[in-house]
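Chemist: turn this into a model:
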Amino acid sequence: MQPVIILNFKNYRQVAGERGILLATEAVELANKTNTQIFIAPQLIDTSLFSAKGLKVFAQHADSVSNERSTGKVTLSNLKQAGVVGTLVNHSEYPQSAQDVREIVEGAARLGIKTCVCTPDLDTLSILEGLEPDFVAYEPPELIGGNISVSKARPEILTRFFGLLDNFSPSSIKLCGAGIKTSEDVKAAKLLGAQGVLISSGVVLAETPSSALLSVIDGFF
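Modeler: Prediction:
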């Protein structure tokens, strides 16, 4: 299968609005040239803007609410209208309850929206039993945005994580997140069983983001 990259823009000012469109366009061109599948998770206020450009957009967040009479919430149906193809769920910087995760994954599946459930530890995996989200990413919160990747800092836990995932959600694509920055980080993750990465600052905050992304892609090959 094609390696998968979900590039999360978070709320970094460097990729807000049109500046983010430029990086996203470069990222898609690189991915296409290297037979890599890439999804862009822009800032929530930019979701429609990015979708209108024909990009494969993941929302950074969705709420487990369907009531149109709700304020400040992000509903799956509105994300569908905005043109997203998927959404992050339970990111370590926006944790959600087990019930919320279940409702979002099930609701997204009914609407044809992909889900990437982020898991901060091994214990969280049990909530995925019977859910089968499209992607599951292991992201220990203490390593997010750091200089040491989870694939190098905790290889034995990553191996165990992927093994447990085969039991709880065997059809889910395995992603590695937290601290991924270089081709060596990706190589290590791939050897441990990762089929893709969820990445942010390693590319977005790099001096030359396109070069940083190419390094990440090289790690798969």
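
Chemist: so which elements touch the helix or strand hosting Ile5?
Modeler: Secondary structure from DSSP states H and E places Ile5 in strand 4-8. Packing contacts for strand 4-8, counted by 3 or more Cβ pairs under 8 Å, 6 or more residues apart in numbering; DSSP states H and E, involve helix 18-33, strand 37-41, strand 135-138, strand 173-177, strand 196-199, helix 209-218. All C-beta spots, glycine's among them, are computed from the backbone N, C-alpha and C.

Chemist: for those, give me a markdown table that also has mean neighbour count, distance to Asn78 and mean pLDDT.
Modeler: Converted to a markdown table, the helices and strands packed on strand 4-8 look like this (neighbours: other Cβ atoms under 10 Å; distance: least, Cβ to Cβ, whole Å; pLDDT from 0 to 100):
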| stretch | mean neighbour count | distance to Asn78 | mean pLDDT |
| --- | --- | --- | --- |
| helix 18-33 | 16 | 20 | 95 |
| strand 37-41 | 23 | 16 | 97 |
| strand 135-138 | 27 | 22 | 93 |
| strand 173-177 | 25 | 25 | 89 |
| strand 196-199 | 27 | 23 | 94 |
| helix 209-218 | 19 | 29 | 94 |
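
Chemist: which stretch among these comes nearest Arg160?
Modeler: strand 135-138 (10.0 Å; Cβ to Cβ).

Chemist: mind listing what that closest one pairs with, with the direction of each?
Modeler: strand 114-119 (parallel), strand 173-177 (parallel) (DSSP bridges).

Chemist: hmm, who's touching that strand?
Modeler: Outside strand 135-138, the residues that touch it by Cβ atoms under 8 Å, 6 or more residues apart in numbering are 4, 6, 86, 114-119, 125, 128, 150, 158, 161-162, 165, 169, 172-178, 196, 198.

Chemist: quick check: PyMOL command selecting the buried ones in those.
Modeler: Applying 16 or more other Cβ atoms under 10 Å to those leaves a buried subset, and the PyMOL line that selects it is:
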select buried, resi 4+6+86+114+115+116+117+118+119+125+128+150+158+161+162+165+169+172+173+174+175+176+177+178+196+198
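
Chemist: list the contacts for the residue lying closest to Tyr12 once chain neighbours are set aside?
Modeler: Among residues not flanking Tyr12 along the chain, Val204 sits closest, at 5.1 Å (Cβ to Cβ, 6 or more residues apart in numbering). Applying Cβ under 8 Å, 6+ apart to Val204 gives the contacts Leu7, Phe9, Lys10, Tyr12, Gln14, Val15, Leu23.

Chemist: counting neighbours, what do you get for the closest residue to the second one other than its chain neighbours?
Modeler: Counting by Cβ to Cβ, 6+ apart, the nearest residue to Phe9 once its immediate chain neighbours are dropped is Val15, at 4.4 Å. Burial measure for Val15: 26 neighbouring residues, criterion other Cβ atoms under 10 Å.

Chemist: which residue packs closest to Leu198, ignoring adjacent ones?
Modeler: Gly177 is the one closest to Leu198 (Cβ to Cβ, 6+ apart), at 3.7 Å.
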